[in-house]
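Colleague: Let me see the structure of the following:
(one chain, ligands or ions: 1)
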Amino acid sequence: MSSTSPGESRGREGAPFRVGLLGRGTVGGAFYDLLGERAEAIAAATGRRPEISGVLRRDEGDFDEILAGSDLIVEVMGGIDPTDDYVLRALEAGRHVVTANKQLLSQHGERLYAAAAAADVQLGFEAAVAGVVPAIRVIRESLAAAHIERVHGIVNGTTNFILTAMARTGAGYDEALAEAQRLGFAEADPTEDVTGKDAAAKMAILARLAFGAAVSLDDVPYEGIEHVTADDIAYARELGLSLKLIGSAERIDGGIAVRVYPAFLYGGHPLASVSGSFNAVTVESPAITEITLSGPGAGGSQTASAVLGDVVSAITPPAGQLPPAIDLPVVPDVASAFYLHVEVADQPGVLAQVAEILGLQGVSIKSVVQRGIGDDARLVMVMHPVLESRFRAAVDMIERLDYVRARPRAIHVIDEVFE
Ligand SMILES: NC(=O)c1ccc[n+]([C@@H]2O[C@H](COP(=O)([O-])OP(=O)(O)OC[C@H]3O[C@@H](n4cnc5c(N)ncnc54)[C@H](OP(=O)(O)O)[C@@H]3O)[C@@H](O)[C@H]2O)c1
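Modeller: Got it, this is the predicted structure:
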């Protein structure tokens, strides 16, 4: 292998563009095949024919040798260690890097963005968020001049598949998860997906791009879908609501709030109709009103296609570096509407007492459904927006009432109607 740097080989118009591949699993394997299929077309469009210069797996290849012989490193190994070290060394050595690794970027992104800027090379990560949906490119390039107020997304296909299955079939969470695993939409260990951690990492990356502020995974509170019941989904449907795991990043009170939580949406919301393993990202800005991008959220060939798109961008002239992060405070407590499900003994005055506690905390009820079942009753309510801390305080007080049978279940409601 030769050891020319991209600067030297960039000058060699028509010379092959050498791609070192770290990881040849689901995404890396599909990328390897796709690059072979598309190499001639890319050569025709860019003047450089991409070729794989080396592959690293656990028992194949040597990182230093691959680095020396590559113009660009594709990182699809996953994980943080030793990936972080490899990516940083590649950037410092003046190599472009393309990665699909949201955990790496959401935890060490600032250091890597700075290293890419210092070396004047590209760090592409379209595949790290929402699979093949070009959310990164649209926010970075098409909306570069827009003042983005909010990004809302369904950025985890596994949880959207599970919630869609529960809504369609009435299945419980465990049953729907088992079905997702059987069909390959959930991993054997689904923890990162179902707890919301995967979506939180992606929202940290989107927030960094949309607002220019350094947001890491630690700044993103996340709540998953493990406690959602078939009941919640069925009752909410009576109120015209459907449940999604929502990633939200918004400007608020002079700062930004980035969060992941299950939320009910009214039927007209652009994310309400996104079903199965699809992802979608809605970007809102006064200049553009709102746009929604949607498509497959994962999968080897889909993700590989997003990775190859970034490789082509590196061959053609760069679109510019990510500027240094600006300071914006992260707002801890945000107003939201909520759905509340309370199981109580069926006695007179119970609803009035629950309503009184909510009132004491400044929480007002928008709609309510009450059902009796034997000696018990269920109160299902949707609240008007209120600071989350006030609402949670009210729920804690309600839970302590003698006639409440189980911990009340609370879920965010996105209280907007899109015409
Ligand atoms: N799968 C998807 O649909 C999808 C979608 C979007 C983003 N991503 C991201 O893409 C990345 C790769 O995911 P994947 O599903 O393709 O993973 P995968 O199937 O587990 O493949 C990982 C590859 O990396 C290699 N590898 C892992 N640790 C290594 C180490 N320490 N040294 C050398 N090689 C190592 C593995 O080697 P062996 O072959 O020797 O095991 C394997 O070839 C992850 O960051 C993931 O989050 C995946």
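
Colleague: Wait, Ser248 touches Val155, no?
Modeller: No. Ser248 lies out of contact with Val155 (C-beta atoms under 8 Å); the separation is 10.5 Å. In this view, the C-beta of every residue, glycine as well, is placed from N, C-alpha and C.

Colleague: Relative to Met166, how far out is the nearest residue to Gly170 once chain neighbours are set aside?
Modeller: Ranked by C-beta to C-beta, 6 or more residues apart in numbering and with sequence neighbours excluded, the top spatial neighbour of Gly170 is Ala230, at 5.6 Å. As defined by C-beta to C-beta, to the nearest Å, Ala230 lies at a distance of 6 Å from Met166.

Colleague: who's more crowded, the two?
Modeller: Neighbours were counted for Ala230 and for Met166 using other C-beta atoms under 10 Å; Met166 has more, 24 against 16.

Colleague: pLDDT weak spots in the stretch 201-350 of the chain?
Modeller: Scanning the stretch 201-350 of the chain with the threshold set as pLDDT under 70 gives 317-323.

Colleague: Pull up the residues of it that are close to the ligand.
Modeller: 298-300, 303 (C-beta under 6 Å from any ligand atom).

Colleague: Give me the longest helix you can find in the chain.
Modeller: helix 26-46 (DSSP state H).

Colleague: does the ligand sit close to that one?
Modeller: Yes. Using C-beta under 6 Å from any ligand atom, a contact is recorded between helix 26-46 and the ligand, made by 26-28.

Colleague: circling back: so what's in contact with Ala230 and Met166 at the same time?
Modeller: 172-173 (C-beta atoms under 8 Å, 6 or more residues apart in numbering).

Colleague: If any of the residues of helix 26-46 next to the ligand are buried, put those into a ChimeraX selection.
Modeller: Selection command for ChimeraX covering only the buried members of the residues of helix 26-46 next to the ligand, criterion 16 or more other C-beta atoms under 10 Å:
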select :26,27,28
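
Colleague: closest to Asp218 among the residues of helix 26-46 next to the ligand?
Modeller: Nearest to Asp218 among these: Val27, at 26.0 Å, using C-beta to C-beta.

Colleague: ok, Tyr266 - how many residues close by?
Modeller: Around Tyr266 there are 16 residues (other C-beta under 10 Å).

Colleague: just Gly372 next, same as before
Modeller: Other residues within reach of Gly372 by the criterion other C-beta under 10 Å amount to 9.

Colleague: That one contacts Asp346, correct?
Modeller: Yes. Using C-beta under 8 Å, Gly372 is in contact with Asp346, at 5.1 Å.

Colleague: Pop out the phi and psi values for the most far-flung residue of the chain relative to its centre.
Modeller: In the chain, the greatest distance from the average C-alpha position (C-alpha atoms, centre = their mean) is reached by Pro348, at 44.9 Å. Pro348 adopts backbone torsions of phi -60, psi 150, taken as degrees, to the nearest 10.

Colleague: how near is it to Val342?
Modeller: Distance of Pro348 to Val342, computed by C-beta to C-beta: 16 Å.

Colleague: How far off centre is stretch 159-168?
Modeller: Relative to its chain's centre, stretch 159-168 lies at 17 Å (C-alpha atoms, centre = their mean, to the nearest Å).

Colleague: now do stretch 142-152
Modeller: Chain-centre distance of stretch 142-152: 17 Å, with C-alpha atoms, centre = their mean.

Colleague: heads up, I number from 361, so please use that
Modeller: Sounds good: first residue 361 from here, last item stretch 502-512.

Colleague: Looking at that stretch now, give me its mean pLDDT.
Modeller: Mean pLDDT, stretch 502-512: 92.

Colleague: Equivalent analysis for stretch 479-499, please.
Modeller: Averaging pLDDT along stretch 479-499 gives 94.

Colleague: Strands of the stretch 561-710 of the chain, residue ranges please.
Modeller: Assigned by DSSP state E, counting those that start in this stretch, the strands in the stretch 561-710 of the chain fall at 601-612, 615-626, 638-645, 649-656, 695-705.

Colleague: and whichever helix or strand comes after the longest helix of the chain, which residues are buried?
Modeller: Reading on from helix 386-406 to the C-terminus, the next helix or strand found by DSSP states H and E is strand 410-416. Across strand 410-416, burial judged by 16+ other C-beta under 10 Å covers 410, 412-416.

Colleague: Pro684 contacts Ala476, doesn't it?
Modeller: No. Counting by C-beta under 8 Å, Pro684 does not reach Ala476; the two are 11.9 Å apart.

Colleague: Tell me which of these two has more neighbours.
Modeller: Shown here are Pro684 and Ala476; by other C-beta under 10 Å, Ala476 has more neighbours (24 against 11).

Colleague: CA-only coordinates of stretch 727-742 in PDB, if you can.
Modeller: What follows is stretch 727-742, C-alpha atoms only, in PDB (Å, rounded to 0.1, in the frame of the first residue of the first chain):
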ATOM      1  CA  SER A 727     -60.600  16.200  28.300                       C
ATOM      2  CA  VAL A 728     -61.500  13.200  30.400                       C
ATOM      3  CA  VAL A 729     -62.800   9.700  30.000                       C
ATOM      4  CA  GLN A 730     -64.100   7.800  33.100                       C
ATOM      5  CA  ARG A 731     -64.800   4.100  33.100                       C
ATOM      6  CA  GLY A 732     -66.000   1.800  35.800                       C
ATOM      7  CA  ILE A 733     -64.700  -1.800  36.000                       C
ATOM      8  CA  GLY A 734     -66.100  -3.800  38.900                       C
ATOM      9  CA  ASP A 735     -65.200  -2.000  42.100                       C
ATOM     10  CA  ASP A 736     -62.600   0.100  40.300                       C
ATOM     11  CA  ALA A 737     -62.700   3.000  37.900                       C
ATOM     12  CA  ARG A 738     -60.300   4.400  35.400                       C
ATOM     13  CA  LEU A 739     -59.800   8.100  34.900                       C
ATOM     14  CA  VAL A 740     -58.100   8.900  31.600                       C
ATOM     15  CA  MET A 741     -57.400  12.600  31.200                       C
ATOM     16  CA  VAL A 742     -55.600  14.900  28.800                       C
END
